[in-house]
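S.K.: Got a predicted model here, sequence first, then my questions.
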Amino acid sequence: MSDFITSEPSATSTGEHPISTTGERHAVTSIPGATPSRDWVIVTRGLRRDYDMGGEVVHALRGVDVAIRRNEYVAVMGPSGSGKSTLMNLIGCLDTPTAGEYWLSGVLVSKMSDDELARVRNKEIGFVFQTFNLLPRATALHNVELPLVYAGVSSVERKRRAAEALDKVQLSDRMHHKPNELSGGQRQRVAIARALVNNPSILLADEPTGNLDSTTSAEIMRVFQSLADHGQTVIMVTHEADIAAHARRVVVLRDGLVSSDDRRSAFAARVATGAPH
Amino acid sequence: MLLADVLRTALIQIRANKLRSFFTLLGIMVSVAFLIAVIAIIQGMNAYVKDNVASAMIGSNSFQVRRTPLNFAPISDDQWDVIQRRPRITPSEAMIVEAAVPNAEAVSLTSGWPTPQVDVHWRDRTLGDVLIFGVTAPHQVVQDYRIAVGRPLSDLDVRERRSVIVIGAAIAEKLFENVDPIGREVRLLGEHFTIIGVNQRKGRVLGQSFDGFILMPISRFEMLYGRRSTTTVSVKVATVDDVAPAMARVEEALRVARGLRPGEPNDFSLETADALIAFWKTLTRVLFAVVPFIVSIGIVVGGIVIMNIMLMSVTERTHEIGIRKAMGARARDIERQFLAESVALATLGGIIGVASGWAFASLIATASPLPARVTSWSVLLAIALGAGVGIVFGVYPARRAARLDPVHAMRAE
């Protein structure tokens, strides 16, 4: 699959990338009361999430500080039970924290109502799931339309934008097919088109290649790469190191806390030397 | 979410699983059909009684002056005694009545209950159990009879106590078949009578024929049977509005003639077709209220069916609801989606039920003597009930769907 976006990737893709440094991130998250600017798409401070499992309390997140800048391509790694899925749910506004704060594009979302969160999800977040999570009885086009339906966009406008998004992932010829008529890779591309159709601030992917073979995985990872190169903020949750290595920054979670947070090169070095990650 | 999309999503869902959708609306459909049919039959019967029965027994725009009331309801023994002691209506009183309503179209005197039944013989043929009425000439007008052949009874026939009769169409048919009955002599009760006229058919009312009778001059009739105790004076007026004032005048005249003091109750009865209709209504009031109510319960049951099937649907579509919420559907978007489905199903069931009920009622009307008339208010009622049930019984499943947590929901299935 060739590069699907016809314009040139931004000049900053070659290394002068607006990736946040450890120092910057520390500054943002550790100054109490400071409101993060729009430049910092995701800022969390002391994020906690406890679950009540029939009497016992499980501390899925124990105080997570992350700061992610616009246009970053971040992988969130960790073994199962590390809290990465919980963190993803919180970042994706699918859930609210037990304690701590979360600012999305400078807006405090951690105290929002369900309706407000729904609106944020609709406008600011694009989800891509491991199991695709498409509506099985709807066509690819209608699946991609879905966020626009809940944004109250008219039918004609919706179809146009959805068709555009499908065109960007090169599935125009499959627009009217249902998911069971599409391959795994095609389904994931529909999901990506759906995630992008409302121009979200962040693209949140949870093990996007988990259900795909290696060739298709590579294909999908190239899509994400291209999106990141064109300025999309991408956050990818994965438990696989070689997937995480595609990102430019890797945050590692362990037991509900951030264990490490490095640029790709440093992360790769860490993996190579077998240091704990 | 735009309203158009709410409806569109609902209809897509309904079409997606046609069999389930059908079963969901089946309960509403059947009970609405029955409701429509039952109300149609009730309406038809009421109209029938009003149009036919009442006017067959008491002519339209007429009233009767009788010794006994037309009340079929249970009467206490005391009341019965009082009624039994009432005096007969005499021929002179009949003339007083006639004088009291000079503008009446016709005033007739009729022999009353019980109506005798005789065997009528012609040549070697016999027709049994024929009803005989002793009447005066205006009876023809009062009862809205039309003569088919020959002539009706005249005042002269009554004055001269002639042995002449007018027969109903059924008698003519059965006894004479294709032979012209006019001028023929028949024997009844050992005596000879000449047929001078045949009345046109009045038809059947609720299965009872109104054409199987013999009309005889009342003076001749009394020679055979003596004066009956329940002779009736019938008065026909020009229009419906004239009935009440005419009745009032007759009442006054008769009270004066009988020397009744003010405050004393009438010792006679004035009856109209209205009274018959009112009696019919009392008789059927309870029945006609209870039956539709019982059928309405069926609609509630239909609603419960909808609720259960929607609950099932919500459970099955939990995963889908999670996806929609992740894409930005608010709780109320989900609630509206499911509510729209149940309302659409219930309303659809109501509409199909109305159509079926209509067909059912028409079938009954053509296949049986029972009339059935579908009214527009019952159609609106049924559809409103259907939609209402869809809302009431759809709310709970819709709320359940709306409250699902997106993270848990997406893990389902």
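M.R.: Sure, I can see it.
S.K.: Get me the contact residues on the stretch 301-413 of chain B for chain A.
M.R.: B:319-320, B:322-333, B:406-407, B:410 (C-beta under 8 Å from any C-beta of the partner chain). The way it works is simple: take the backbone N, C-alpha and C, and place the C-beta from them, glycine included.
S.K.: Of those residues, just the buried ones, ChimeraX syntax please.
M.R.: Buried residues among those (16 or more other C-beta atoms under 10 Å in any protein chain shown), as a ChimeraX selection:
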select /B:319,320,322,323,324,325,326,327,328,329,330,331,333,406,407,410
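S.K.: Out of the residues of the stretch 301-413 of chain B next to chain A, list just those in strands.
M.R.: Among those, DSSP state E puts none in strands.
S.K.: So which residues on the stretch 51-200 of chain A come close to chain B?
M.R.: Residues of the stretch 51-200 of chain A lying close to chain B (C-beta under 8 Å from any C-beta) are A:89, A:92, A:94-95, A:114-115, A:118-119, A:121-123, A:127, A:129, A:133-137, A:146-147, A:149-152, A:154-155, A:194.
S.K.: Give me the distance between the one helix or strand B:Asn308 maps to and the centre of its chain.
M.R.: Taking DSSP states H and E as the definition, B:Asn308 sits inside helix B:273-316. Chain-centre distance of helix B:273-316: 20 Å, with C-alpha atoms, centre = their mean, to the nearest Å.
S.K.: Check stretch A:109-127 too.
M.R.: 14 Å.
S.K.: before we move on, the earlier item: in terms of contact count, name the helices or strands touching the helix holding B:Asn308.
M.R.: helix B:18-48, helix B:54-57, helix B:331-367, helix B:376-402 (3 or more C-beta pairs under 8 Å, 6 or more residues apart in numbering or on different chains; DSSP states H and E).
S.K.: what about 10 Å?
M.R.: helix B:18-48, helix B:54-57, strand B:62-66, helix B:240-257, strand B:269-272, helix B:318-326, helix B:331-367, helix B:376-402 (3 or more C-beta pairs under 10 Å, 6 or more residues apart in numbering or on different chains; DSSP states H and E).
S.K.: Quick one: residues contacting the residue of the stretch 151-277 of chain A found nearest chain B.
M.R.: Chain B sits closest to A:Gly152 of the stretch 151-277 of chain A, with a gap of 5.7 Å, by C-beta to the nearest C-beta. Taking C-beta atoms under 10 Å, 6 or more residues apart in numbering or on different chains, we find A:Gly152 in contact with A:122, A:158, B:1-2, B:5, B:333.
S.K.: Swap in 6 Å and give it another go.
M.R.: B:Leu2 (C-beta atoms under 6 Å, 6 or more residues apart in numbering or on different chains).
S.K.: ok so it is a helix residue?
M.R.: No - going by DSSP: H, G, I helix; E, B strand; the rest coil, the assignment for A:Gly152 is coil, not a helix.
S.K.: That one and A:Leu94: what is the separation?
M.R.: Distance of A:Gly152 to A:Leu94, given as C-beta to C-beta, to the nearest Å: 21 Å.
S.K.: Repeat that for B:Lys202.
M.R.: 81 Å.
S.K.: who has more neighbours, the two?
M.R.: A:Leu94 (23 against 20; other C-beta atoms under 10 Å in any protein chain shown).
S.K.: same question for stretch B:21-29, mean pLDDT?
M.R.: For stretch B:21-29, the mean per-residue pLDDT is 85.
S.K.: give me every residue that touches whichever residue of the stretch 301-413 of chain B sits closest to chain A.
M.R.: Nearest residue of the stretch 301-413 of chain B to chain A: B:Gly328, at 2.4 Å (C-beta to the nearest C-beta). Residues in contact with B:Gly328 (C-beta under 6 Å, 6+ apart) are A:118, A:121-122, A:147, A:150.
S.K.: Pull the contacting residues for the nearest residue to it once chain neighbours are set aside.
M.R.: Distance criterion C-beta to C-beta, 6 or more residues apart in numbering or on different chains; nearest residue to B:Gly328, sequence neighbours excluded, is A:Asn122 at 2.4 Å. Taking C-beta under 6 Å, 6+ apart, we find A:Asn122 in contact with A:147, A:150-151, B:328.
S.K.: Can you tell me which of the residues you listed is nearest B:Leu311?
M.R.: Closest approach to B:Leu311 among those (C-beta to C-beta): A:Tyr150, at 23.8 Å.
S.K.: Pretty sure the closest one sits against B:Ala329.
M.R.: Yes - with contact defined as C-beta atoms under 6 Å, A:Tyr150 and B:Ala329 form a contacting pair (5.0 Å).
S.K.: Buried ones in the strand or helix carrying A:Arg160, by neighbour count?
M.R.: Assigned by DSSP H and E, A:Arg160 belongs to helix A:155-168. By neighbour count with 16+ other C-beta under 10 Å, helix A:155-168 contains the buried residues A:158-159, A:161-163, A:165-166, A:168.
S.K.: Dump those residues to JSON lines, plus distance to A:Arg25 and pLDDT.
M.R.: JSON lines is the format used below for the buried residues of helix A:155-168 (distance: C-beta to C-beta, whole Å; pLDDT from 0 to 100):
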{"residue": "A:Arg158", "distance to A:Arg25": "38", "pLDDT": "93"}
{"residue": "A:Lys159", "distance to A:Arg25": "41", "pLDDT": "94"}
{"residue": "A:Arg161", "distance to A:Arg25": "34", "pLDDT": "95"}
{"residue": "A:Ala162", "distance to A:Arg25": "36", "pLDDT": "95"}
{"residue": "A:Ala163", "distance to A:Arg25": "39", "pLDDT": "94"}
{"residue": "A:Ala165", "distance to A:Arg25": "32", "pLDDT": "93"}
{"residue": "A:Leu166", "distance to A:Arg25": "36", "pLDDT": "93"}
{"residue": "A:Lys168", "distance to A:Arg25": "31", "pLDDT": "88"}
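S.K.: Using JSON lines, please lay out the residues you listed together with distance to B:Met247.
M.R.: Output for those, formatted as JSON lines (distance: C-beta to C-beta, whole Å):
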{"residue": "A:Arg158", "distance to B:Met247": "75"}
{"residue": "A:Lys159", "distance to B:Met247": "76"}
{"residue": "A:Arg161", "distance to B:Met247": "80"}
{"residue": "A:Ala162", "distance to B:Met247": "79"}
{"residue": "A:Ala163", "distance to B:Met247": "82"}
{"residue": "A:Ala165", "distance to B:Met247": "85"}
{"residue": "A:Leu166", "distance to B:Met247": "85"}
{"residue": "A:Lys168", "distance to B:Met247": "90"}
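S.K.: What spatial separation is found between B:Pro292 and chain A?
M.R.: 41 Å (C-beta to the nearest C-beta, to the nearest Å).
S.K.: Check the stretch 51-200 of chain A for the residue nearest chain B and tell me.
M.R.: A:Asn122 (2.4 Å).
S.K.: Next, that residue: secondary structure please.
M.R.: helix.
S.K.: Just the pLDDT for A:Ser259.
M.R.: 86.
S.K.: ok, it - how many residues close by?
M.R.: The burial count for A:Ser259: 14, using other C-beta under 10 Å.
S.K.: After the strand or helix carrying it, which helix or strand is next?
M.R.: Counting by DSSP H and E, the element that carries A:Ser259 is strand A:257-263. Going down the chain from strand A:257-263, the next helix or strand is helix A:264-273, by DSSP H and E.
S.K.: buried ones in that following helix?
M.R.: Those would be A:264, A:267, A:270, for helix A:264-273 by 16+ other C-beta under 10 Å.
S.K.: Check stretch B:282-291 too.
M.R.: Buried residues in stretch B:282-291, counted by 16+ other C-beta under 10 Å: B:288, B:291.
S.K.: Next: stretch B:263-279.
M.R.: B:268-273, B:275-276, B:279.
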